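Asks: Just to be clear, the model below is a prediction. Sequence and coordinates:
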Amino acid sequence: MKRVSSHVSLASEAEINLDLSRLIIDRPQRFTLERKRSFDEQSWSELSHRNNDGFDSVLQSPAFPSGGFDSPFSIGTHFGGGGPHPLVNEAWEALRKSVVYFREQPVGTIAAVDHASEEVLNYDQVFVRDFVPSALAFLMNNETDIVKNFLLKTLHLQSSEKMVDRFKLGAGAMPASFKVDRNKNRNTETLVADFGESAIGRVAPVDSGFWWIILLRAYTKYTGDVSLSESPDCQKCMRLILNLCLSEGFDTFPTLLCTDGCSMIDRRMGIYGYPIEIQALFYMALRCALQMLKPEGEGKDFIEKIGQRLHALTYHMRNYFWLDFHQLNNIYRYKTEEYSHTAVNKFNVIPDSIPDWVFDFMPCRGGYFLGNVSPAMMDFRWFALGNCIAIVSSLATPEQSVAIMDLIEEKWDELVGEMPLKICYPALENHEWRIITGCDPKNTRWSYHNGGSWPVLLWLLTAACIKTGRPQMAKRAIELAESRLLKDGWPEYYDGKLGRFVGKQARKFQTWSIAGYLVARMMLEDPSTLMMISMEEDRPVKPTMRRSASWNA
Ligand code: GLC
């Protein structure tokens, strides 16, 4: 089989070589990483199912035409050199204003510092998912304490009692957010967490625990300090999180069954079932945990379970969630009501349920992971976070990663438009909106979670671009964001088909919009920083891939 994504990457490789050689400046590496054997040099087979991380893949990426991690390499502080972009200083200043202190120690960043907004709701809290880009920015700036404090504080919060009315939540649940409660009379400070018991809709965040594990690995990778991840507390915290998603039940699929609103999209948007965002984060967290869990005692069991789950999950996702022109055509011609092991249409998807827009949307070149797959249900919507995480975590094969980037390139107007990046595509409208969102006035078409454009996603797009050797694409997206973000006061999201309007109810000075921008810029300037968040392909899992249009000339 001739793989032809290569012609795509060849083109981009030439583009990158040209671009990067022009932009390389003599700047010492901002950090030196002591390569820890436990993190970088153990192969999958060496340690039961442990595997390599993204370190090598970053170096092998076309974004690194020469040299290794220790060689000074930079794309330049302002792409073309000449000092930092004026927005960078503004962004740092705004990010610092969002830092939350607990007993005089920085422990996180508040979701939004929007003084103009009358309704604070819970935007005055430190959200676990929102803190991730802040944490990456701080790490890249060598401010590691805030990240360590955050990891430790949330770890302790995990052990607090979590009740929704009279129902007790699982011990491993991590908070969606927390705040510092100050008692001025007694001069005391306490941390108060929300595990979903106060959240709108009362949903526990499934993504928080996964982000926590991913961040612990990023911290460990960046600092080279394994003492935190190897501490009994962190080992236990990981095991508790994993316990929630690796326990046996009635599942027939290795994917994780979730309710609506349990992730970044924290309101009803028809993503219940097996949403791609959670599946991709689940996969990534499992792989991160595999690198960090100690094989002694209880850890051994978990390592084994993770290995088995990853094997099945990778196969399931790469085969059943993948959609490209060829696969769409297959589904279009599916027979239904098939019984037994020979069934081709395993989930009994009725071709009539394929929405019309997909036929126009699907380019000949490119593909993506579906929003959701469950019995008789395929959510054909494109979700940005899940697809980008699939690339950085190597849930996507290299060919699939190239195809996802091809799709973004081909469908730039739809998926990026004038403000990167649309959270999902397309928007739900009319009857569908009424039924699926429950008439949610915040999630009207092309707004908020329903096709709104979220600047925070810029860092994930940039990471995916670097991993696949397409820095030019990231540069284009960053420049688009730069033309609006500061002027508009760092909004939480933008509305409209092209993302031209500041979101209807968007908070201003939304911290993850600010941090997401900084991370994107810093990563592009120093692509070696990608190693904090990127993972190498897990070689032992080799599902049989069907021939697909986007891989053929
Ligand atoms: C909104 C978003 C959620 C985010 C929170 C704080 O609820 O949907 O993803 O974590 O705001 O910014």
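Replies: Here it is on my side, so go on.

Asks: make it CA atoms for all contacts and neighbour counts henceforth
Replies: Will do.

Asks: elements contacting the helix or strand Leu281 falls within?
Replies: Element membership of Leu281, judged by DSSP states H and E, is helix 276-292. Applying 3 or more C-alpha pairs under 8 Å, 6 or more residues apart in numbering; DSSP states H and E, one finds that helix 276-292 contacts helix 37-40, helix 206-223, helix 298-320, helix 384-392.

Asks: quick one: which of those helices is nearest the ligand?
Replies: Proximity to the ligand (C-alpha to the nearest ligand atom) singles out helix 206-223 among the helices and strands packed on helix 276-292, at 9.8 Å.

Asks: Could you pull out the buried residues of the helix or strand following the closest one?
Replies: Going down the chain from helix 206-223, the next helix or strand is helix 227-230, by DSSP H and E. For helix 227-230, burial by neighbour count (16 or more other C-alpha atoms under 10 Å) applies to 228-229.

Asks: Mean neighbour count, the helices and strands packed on helix 276-292: which tops it?
Replies: Highest mean neighbour count of the helices and strands packed on helix 276-292: helix 384-392, a mean of 26 (counted as mean count of other C-alpha atoms under 10 Å).

Asks: helices or strands next to the helix or strand following that one in the packing?
Replies: Next in sequence after helix 384-392, counting helices and strands by DSSP H and E, comes helix 398-410. Counting contacts by 3+ C-alpha pairs under 8 Å, 6+ apart, helix 398-410 packs against helix 5-23, strand 367-369, helix 384-392.

Asks: Could you check the helix holding Leu281 against the ligand for contacts?
Replies: No. Contact between helix 276-292 and the ligand is absent, the nearest approach being 11.8 Å (criterion: C-alpha under 6 Å from any ligand atom).

Asks: export that helix as CSV, just CAs?
Replies: C-alpha atoms of helix 276-292 as CSV (Å, rounded to 0.1, in the frame of the first residue of the first chain):
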residue,chain,number,x,y,z
ILE,A,276,-14.3,12.0,21.5
GLU,A,277,-13.0,14.6,24.0
ILE,A,278,-13.2,12.2,26.9
GLN,A,279,-11.9,9.2,24.9
ALA,A,280,-8.9,11.1,23.7
LEU,A,281,-8.1,12.4,27.2
PHE,A,282,-8.7,9.0,28.6
TYR,A,283,-6.2,7.5,26.2
MET,A,284,-3.6,10.2,26.9
ALA,A,285,-4.1,9.9,30.7
LEU,A,286,-3.7,6.1,30.6
ARG,A,287,-0.4,6.5,28.7
CYS,A,288,0.8,9.2,31.0
ALA,A,289,0.0,7.1,34.0
LEU,A,290,1.8,4.1,32.5
GLN,A,291,4.9,6.2,32.5
MET,A,292,4.6,7.3,36.0
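
Asks: Residues contacting it, please?
Replies: With contacts defined as C-alpha atoms under 8 Å, 6 or more residues apart in numbering, helix 276-292 is touched by 38-39, 49-51, 53, 206-207, 210-211, 213-214, 217, 229-230, 238, 242, 255-256, 263, 303, 306-307, 310, 313-314, 369-372, 383, 385-387, 389-390, 393, 395.

Asks: Just to confirm, which residue in the protein is farthest away from the center?
Replies: For the chain, the residue at maximal distance from the C-alpha centroid (C-alpha atoms, centre = their mean) is Asn185, at 41.8 Å.

Asks: ok, now how distant is it from Pro491?
Replies: Separation of Asn185 from Pro491 (C-alpha to C-alpha, to the nearest Å): 36 Å.

Asks: Flag every residue of this structure that's near the ligand.
Replies: So the chain meets the ligand at 111, 123, 127, 129-130, 264-266 (C-alpha under 6 Å from any ligand atom).

Asks: Among the residues you listed, which are located in strands?
Replies: The strands, defined by DSSP state E, take in Phe127 from the residues of the chain next to the ligand.

Asks: Now the buried members of the residues of the chain next to the ligand.
Replies: Buried members of these, counted by 16+ other C-alpha under 10 Å: 111, 123, 127, 129-130, 264-266.

Asks: And the residue of this protein closest to the ligand?
Replies: Closest point on the chain to the ligand, by C-alpha to the nearest ligand atom, is Met264, at 3.5 Å.

Asks: where in the stretch 101-250 of the chain is pLDDT low?
Replies: 117-119 (pLDDT under 70).

Asks: Tell me where it has helices.
Replies: Applying DSSP state H, counting those that start in this stretch to the stretch 101-250 of the chain gives helices spanning 128-140, 145-158, 206-223, 227-230, 232-246.

Asks: now the second one and helix 232-246, what's the angle there?
Replies: Relative orientation of helix 145-158 with respect to helix 232-246: 60 degrees, computed using axes from the mean of the first three to the mean of the last three C-alpha atoms, to 10 degrees.

Asks: Need the residues that contact helix 145-158.
Replies: 105-108, 135, 138-139, 171-175, 191, 193, 212, 216, 219, 233-234, 237.

Asks: What remains of those if I keep only buried residues?
Replies: 106-108, 135, 138-139, 171-175, 193, 212, 216, 219, 234, 237.

Asks: Helices along the stretch 401-550 of the chain, start to end?
Replies: Under DSSP H, counting those that start in this stretch, the stretch 401-550 of the chain gives helices at 412-415, 430-437, 458-467, 471-482, 511-525.
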